[in-house]
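Asks: the following comprises the amino acid sequence and a computationally predicted model.
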Amino acid sequence: MGRLPDSRFWRGKRVLVTGHTGFKGTWARVWLSRLGADVFGYALAPSTAPSLHALVGSAGLSGETIADLRDTDSLTAAVARSRPDIILHMAAQPLVRRSYAEPVETFDVNVMGTARLLEAARTVDEVKAILVVTTDKVYSNDESGRHFVESDRLGGHDPYSGSKAAAEIVTATYRDSFYRSRGVRLATARGGNVLGGGDYSEDRLVPDIVRAALAGEVLDIRSPLATRPWQHVLDCLNGYFLFCEDLFAGKQVPDALNFGPSPEEAQIAVGRLASDVQAAMGVAGTWNDSSASDKPREMQTLGLDPTKAREYLSWQAKLSQPEAIEWTARWYDRWRGGCAPLSLVTDQIDTFMKGA
């Protein structure tokens, strides 16, 4: 069944989560708190309404700072106040199309923001492990359709991908220049595309489906034939948490790991995923193909090989892609039916921890 986070490890650990107001960050801080950690957050205020962060309130937080990753003084002070044992760095400008419109901001946040965080963490003696979350898009994608492994060449055809590849280099430089000699473990996690309830982000497939359903509109899809390594947010976070545990414990694990569905599992195209999510939610299963040659370029094929995560962490995705779709649709259905978002999050976390 694969390994799960150890509450005995996390109990009492002080964890700084950057990006804690985002979709993935909110799930992370609620789960870490249920594992017994003292969680501190650093992020911008949510950019959407609703947002999962606002819907669940302060649950899972011992403290938070709402500020920009580029604000060196605020960031340094927040790291010092939280005195973290572990830092999980997820704050980012995460959107490909926005990166075309705002490339300088994207590089500033994703590259220099990472550098600022790693510089601030050098002043805190308590830190023993730092995990920098990048993306499945850090690889130089030749559109061959193969699943990338951690030793493949880094690169990026768009500013978002390039900025995350550059963040990988910044992380490696700080590890070799400053952290290795201190015995602080610093690594990167490259996660695939995540599905899950409570995502209201702009320009993402599942939130777009939910918004169209609530508005009674037909969904527009810009790349229906593109494939992505879809996985449930809990599977992805499970990998991050296990990686942090082993980094903190000083185990011999790689400096970078992929987290995504097995290459043996058939890849699901964007259009099919949209239809499957619509069917699972019981909404009209129609969408428009809005592909156009004048739109910014996005990769059509993308896959990860998570073999090393299985070998070193005993991690594997517990939910298949159809199960991830079903869990996601169930979350939104229950939310639309009036269930409290925090209960929906904690119920799925508890079910996942019991073996899904």
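Replies: Arrived safely, thanks for sending.
Asks: how much space between G63 and R14?
Replies: From G63 across to R14, the span is 10 Å (Cβ to Cβ, to the nearest Å). (C-beta placed from N, C-alpha, C; glycine too.)
Asks: common neighbours of these two, please.
Replies: By Cβ atoms under 8 Å, 6 or more residues apart in numbering, G63 and R14 have these common neighbours: F40, S82.
Asks: so which of these two has more stuff around it?
Replies: Higher neighbour count among G63 and R14: R14, with 17 against 14, using other Cβ atoms under 10 Å.
Asks: does the more buried one touch G36 like I think?
Replies: No. Look at R14 against G36 with Cβ atoms under 8 Å: they stay out of range, at 11.3 Å.
Asks: what segments of this protein are helices?
Replies: 7-10, 23-34, 52-56, 72-82, 96-101, 103-107, 113-121, 159-174, 205-215, 233-248, 270-281, 307-313, 321-336, 341-353 (DSSP state H).
Asks: and the helix or strand of the chain with the lowest mean pLDDT, what does it pack onto?
Replies: Ranked by mean pLDDT, DSSP states H and E, the weakest helix or strand in the chain is strand 227-228, scoring a mean of 74. In this structure, strand 227-228 packs against strand 268-269, with contacts taken as 3 or more Cβ pairs under 8 Å, 6 or more residues apart in numbering; DSSP states H and E.
Asks: low-confidence stretches in the protein?
Replies: 1, 266, 284-285, 291-301, 356 (pLDDT under 70).
Asks: can you name the residues that contact A92?
Replies: Counting by Cβ under 8 Å, 6+ apart, the residues that A92 touches are G19, V109, N110, G113, V133, K164.
Asks: which single one of the residues you listed is nearest to A187?
Replies: V133 (10.2 Å; Cβ to Cβ).
Asks: show me the contacts for T21.
Replies: Shown in contact with T21 (Cβ under 8 Å, 6+ apart): G41, A43, L44, A45, P46, S51, H53, I66.
Asks: quick one: which of the residues you listed has the most company?
Replies: Top of the contacts of T21 by neighbour count (other Cβ under 10 Å): G41, with 27 neighbours.
Asks: chain neighbours aside, what residue packs nearest to it?
Replies: Leaving aside its chain neighbours, G41 sits nearest to H20 (3.1 Å; criterion: Cβ to Cβ, 6 or more residues apart in numbering).
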